[in-house]
Structures are given as C-alpha cells and as structure tokens.
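Engineer: Let me see the structure of the following:
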Amino acid sequence: MSRLGVDGMVGVFELFNEQLPSQGLIASFGKIIGASFIEASKQRNRSYENEQIKRGEVPERIAKRSSRARRKDLDASWTQKNHVSYFGYKNHVKVDAASKLIDTFTLTHAAIHDSQPVGGLRHESDRETVLWADSTDVGPFIAALLKGFAMLANICEKGTAIRPLSREQKRANKEKSLASEIS
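Structural biologist: Numbering: from 1, shown residues only. Below is the predicted model of the structure:
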C-alpha cells in the first residue's frame with residue numbers, strides 16, 4: 001500500500017474526479033456499473049477461530065503474536081460464484097459510459113451481493129441518464145433507485161436452468177453489452 005494509505009488515496013481520487021467534467025472527460029451520457037473480486041491470501045484458521053472472527057473477535061492465538069496478526073486479514077470474507085470459492089473483497093465501480101473513466105467506487109468484503117452498494121455509487125449527475133448493468137443488478141431495489149433518478153435501465157436479463165433465456169433475450173443482452181462498449 002502506498003504511503004498515502006487508503007483514506008489518502010480516496011481523497012486523491014475525489015480531487016481528480018472533480019476535475020473530469022470541467023475538462024470534458026465525463027459526458028454524463030450514461031453509466032456502467034459492475035463488481036469484481038479482489039482476492040486476499042487464504043486464511044488457515046481453526047474452525048473455532050473462524051467463529052470468533054465472524055463475531056468480530058480476534059482469536060487469542062492470533063492476538064498474542066504480532067507477526068501472525070499482521071498476516072491475517074480479519075475483514076475479508078468467503079463467497080462462491082459459479083461453484084468457485086473466493087476469499088477477499090469486491091470492488092464495486094460506476095464508470096462513465098463514454099470515457100470509461102471511473103466515476104465512483106466502493107470496496108466491500110466478498111460476500112456482499114453486487115447490487116447492495118449500487119445506491120451509494122449514484123450521484124445527482126446520474127439523473128436522467130442510461131444505466132448499463134449485468135443481470136445481478138435487477139430487482140425491486142434497483143428498480144426503485146432507477147425510478148428515483150429517472151434513469152433508463154439497460155440491464156441484461158438473467159436465465160436459469162428452469163427458465164433459460166430465449167433467442168430474443170440473448171440477442172437483446174448482446175445489444176446491451178455492445179451499446180455499453182460503444183458509448
């Protein structure tokens with residue numbers, strides 16, 4: 001990590017982002033949201049230690065040795081996606097559709113669903129723009145956010161084993177994905 005630390009880096013990012021609209025680099029045509037995993041070193045804890053960590057406690061074996069405590073990441077979490085396990089964090093970003101520059105971001109532990117931080121990523125400048133997103137960002141919560149900001153949704157549909165996507169839905173998803181790349 002840099003000498004600035006996380007808070008200092010966020011401050012620099014915010015100062016940088018304040019300059020983008022005045023330079024014509026943020027077009028406010030639309031926004032794209034997404035999330036990606038940031039994997040952390042896997043933790044080798046005993047089962048009772050994992051239970052203590054989940055309760056917000058630091059296990060005694062870790063606390064009594066500073067060298068061990070430095071290697072442990074007590075804030076990261078496990079999650080699964082497509083039957084693959086991940087340990088770490090998720091980076092949630094909103095980018096300008098035209099320039100692809102990051103507009104806003106937040107970091108959560110990996111177990112947070114992709115749609116949960118979306119409310120914190122929005123700004124007044126997003127009002128009456130288009131939002132591109134993948135199929136994880138659907139549901140009543142996202143619909144209410146979009147309605148509150150008068151945003152046009154361009155969200156890909158999701159199929160299931162019981163109800164797969166039709167040929168028309170697949171074509172529409174492809175068009176939505178291509179539109180977000182071109183914008």
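
Engineer: The longest strand seen in the chain: partners in the sheet, and parallel or antiparallel?
Structural biologist: Looking across the chain with DSSP state E, the single longest strand is strand 84-96. With DSSP bridges as the test, strand 84-96 is paired with strand 30-39 (antiparallel), strand 77-81 (antiparallel), strand 102-109 (antiparallel).

Engineer: and residue 50, which of the ones you listed is closest to it?
Structural biologist: For these, proximity to residue 50 was assessed by C-beta to C-beta; strand 77-81 is nearest, at 9.4 Å. Just so you know, the C-beta spots here come from the backbone N, C-alpha and C atoms, and that holds for glycine as well.

Engineer: Any chance you could list what contacts the closest one?
Structural biologist: Contacting residues not belonging to strand 77-81 are listed as 37, 85-88, 109-111 [C-beta atoms under 8 Å, 6 or more residues apart in numbering].

Engineer: so can I have TSV of these showing neighbour count?
Structural biologist: Rendered in TSV, the data for these read as follows (neighbours: other C-beta atoms under 10 Å):
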residue	neighbour count
37	15
85	10
86	18
87	18
88	19
109	16
110	21
111	14
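
Engineer: where in the protein is pLDDT low?
Structural biologist: For the chain, applying pLDDT under 70 flags the ranges 1-10, 26-28, 179-183.

Engineer: how about the helices in it?
Structural biologist: Listed in chain order, the helices found in the chain under DSSP state H are 5-19, 47-54, 60-63, 66-71, 118-121, 140-148, 167-182.

Engineer: got the buried residues for the second one?
Structural biologist: Within helix 47-54, the residues that count as buried by 16 or more other C-beta atoms under 10 Å are 49, 52-53.
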